[in-house]
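[1] what's the 3D shape of this:
(one chain, ligands or ions: 1)
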Amino acid sequence: MLDSRRVRDALGQLPTGVTIIRTVTTGGDRLGMTISSFNSLSLEPPLVLFSIWREANSFVAWQQVERHAINVLSEDREELSNKFARAKGEKWIGQTVLSGETGLPLLPNAVLTFECEAYDRYDGGDHEIFVGRVVQLHENRAKRGHPLVFFGGQYRRLGTVEATAPADIINFLHGR
Ligand SMILES: Cc1cc2nc3c(=O)[nH]c(=O)nc-3n(C[C@H](O)[C@H](O)[C@H](O)COP(=O)(O)O)c2cc1C
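    Numbering: from 1, shown residues only. Modelled structure (predicted):
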């Protein structure tokens with residue numbers, strides 16, 4: 001039997017970006033959570049995904065949400081990442097919130113923000129996979145190229161460019 005700690009440590013060697021997903025429930029409560037499982041899924045239709053641990057306090061509330069904003073953090077936001085990663089933490093105290101076109105509580109100064117409609121959910125073992133359809137996209141040019149990176153349990157910044165991938169390889173990434 002494979003030890004889950006070993007699997008976790010192995011997966012920690014894969015660098016990811018760090019996002020904060022945010023929404024408001026129909027009852028008016030704000031939800032927010034730090035998420036590194038965010039990833040691209042489809043271009044047509046434009047779909048993205050992330051997964052939430054079933055034991056998270058806000059898990060059931062997230063299952064009922066119809067819209068959410070995914071905010072990609074810039075390299076100077078590790079404190080905010082920690083704040084939105086604390087279970088039942090006072091996540092919203094002192095937070096300036098921008099209201100998106102869909103009324104979502106967006107994060108000012110994110111590298112990117114995707115406003116999404118809930119598209120579908122899938123079983124993912126002790127997590128559930130949430131798929132969102134991107135309905136609006138905000139890009140912050142000043143932060144472009146400076147995302148926060150999570151690797152081996154530590155926050156990092158991107159280093160220098162070592163090589164540029166050929167155009168045909170980049171296109172292949174998106175299946176065409
Ligand atoms: C860098 C980082 C990435 C994380 N990624 C995820 C993730 O992808 N899925 C998840 O369920 N929890 C993830 N977490 C933990 C959640 O942020 C944390 O359990 C959540 O904020 C708890 O919120 P709640 O108690 O309000 O439900 C991550 C934490 C950190 C620090």
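
[2] check whether Ile170 sits in a helix, strand or coil.
    With DSSP: H, G, I helix; E, B strand; the rest coil as the basis, Ile170 sits in helix.

[3] pLDDT score assigned to it?
    With respect to pLDDT, Ile170 has a value of 77.

[4] tell me, how many residues neighbour it?
    If you count neighbours by other Cβ atoms under 10 Å, Ile170 ends up with 10. Every C-beta, even on glycine, is put in place using the N, C-alpha and C of the backbone.

[5] measure it to the ligand for me?
    25 Å (Cβ to the nearest ligand atom, to the nearest Å).

[6] cool, Ser51 as well?
    Taking Cβ to the nearest ligand atom, one finds Ser51 at 6 Å from the ligand.

[7] ok, Val135 next?
    Separation of Val135 from the ligand (Cβ to the nearest ligand atom) stands at 22 Å.

[8] give the other helices and strands that the helix or strand containing that residue contacts.
    Take DSSP states H and E as the rule and Val135 turns out to sit in strand 127-139. Using 3 or more Cβ pairs under 8 Å, 6 or more residues apart in numbering; DSSP states H and E, the elements in contact with strand 127-139 are strand 47-53, helix 59-63, strand 67-72, strand 112-124.

[9] up against the ligand, what does this structure have?
    18, 33-37, 50-53, 56-58, 81, 84-85, 87-88, 150 (Cβ under 6 Å from any ligand atom).

[10] contacts only, for the residue nearest the centre of the chain.
    With distances taken as Cα atoms, centre = their mean, Thr19 lies nearest the centre of the chain, 3.4 Å away. Going by Cβ atoms under 8 Å, 6 or more residues apart in numbering, Thr19 touches 34-36, 38, 50, 70-73.

[11] let's see 7 Å
    The contact partners of Thr19, taken as Cβ atoms under 7 Å, 6 or more residues apart in numbering, are 35, 38, 70-73.

[12] also Ser58?
    31, 33 are the contacts of Ser58 under Cβ under 7 Å, 6+ apart.

[13] again, 10 Å this time
    21, 23, 25, 29, 31-33, 52, 65, 87-88, 91 (Cβ atoms under 10 Å, 6 or more residues apart in numbering).

[14] with that, I have no additional questions.
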